[in-house]
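> coords please:
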Amino acid sequence: MAVRAQSKKAQKSILRLLYAIPTCEDLFISACFRQLSEELLKIVYAKTFNRSITSKKLSKLNYRQLWKDGIKSTSLYKKDSKVKKFLDQINNIFKEKSDNLHSKDSNLNNSTVYLQQIITEGTDLSKRDLYSTITVISSFTIDCLPILCSLDINLMTMSQRSSFLKMVKSLRY
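Below you'll find the model as predicted:
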């Protein structure tokens, strides 16, 4: 049940991201990517570390519980280098976007200065970074998440299977 709730949250985060990208506002996009990466990590946590966790408890996990004490301590993370690489990439998106939101790489101390910078210099949205982050998340959701969630295409209805395969095909090309 917790995985289903987290999946719905991830879907909402993707929709928010679709709203954010056309704005070219780096902070808004960072917030959406951070939220999405956190939702993906929570799905992994619920599938690999604590299958009996409730949605409420899963939503209250802090970063240390989620990543360091949870996902990173699993045998899957330690033994499967492909899965480890994917999870590290999603975790890095989470950390990088959190740093953006908390202005850790910036010397801006207040929102007035930040807004003045946007007006005079524009946003610092990097298209290359945007495409790279989208590619990492797409690859994770197509190549890794179905394995972690034990997705069996043979158990899908014909309609579900067709939709899933169309989605995968469209995201790979």
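> mind checking the SS state of the residue most central in space within the chain?
With distances taken as CA atoms, centre = their mean, the chain has Ser37 as the residue nearest its mean C-alpha position (1.9 Å). The three-state label given to Ser37 by DSSP: H, G, I helix; E, B strand; the rest coil is helix.
> per-residue confidence for it?
At Ser37, the predicted lDDT confidence score is 95.
> does it touch Ile137 like I think?
Yes. Counting by CB atoms under 8 Å, Ser37 touches Ile137, with 7.3 Å between them. Using the backbone N, CA and C atoms, a C-beta is placed for each residue, glycine as well.
> what touches both of the two?
90, 93 (CB atoms under 8 Å, 6 or more residues apart in numbering).
> in the chain, which helix or strand is least confident?
Every helix and strand of the chain was ranked by mean pLDDT, DSSP states H and E. The lowest is helix 111-121, at a mean of 59.
> list the helices and strands the following helix or strand past that one packs on?
Once helix 111-121 ends, the next helix or strand along the chain (criterion: DSSP states H and E) is helix 127-139. The contact analysis (3 or more CB pairs under 8 Å, 6 or more residues apart in numbering; DSSP states H and E) places helix 127-139 against helix 26-48, helix 81-101.
> give me whichever of those helices is most buried.
With neighbours taken as mean count of other CB atoms under 10 Å, the helices and strands packed on helix 127-139 reach their highest mean count in helix 26-48, at a mean of 23.
> the helices and strands packed on helix 127-139: which one's closest to Met167?
helix 26-48 (16.2 Å; CB to CB).
> which other helices and strands contact the closest one?
Against helix 26-48 (3+ CB pairs under 8 Å, 6+ apart) you get helix 2-20, helix 55-59, helix 81-101, helix 127-139, helix 145-148.
> the third one packs against which elements?
Applying 3+ CB pairs under 8 Å, 6+ apart, one finds that helix 81-101 makes contact with helix 26-48, helix 75-79, helix 127-139.
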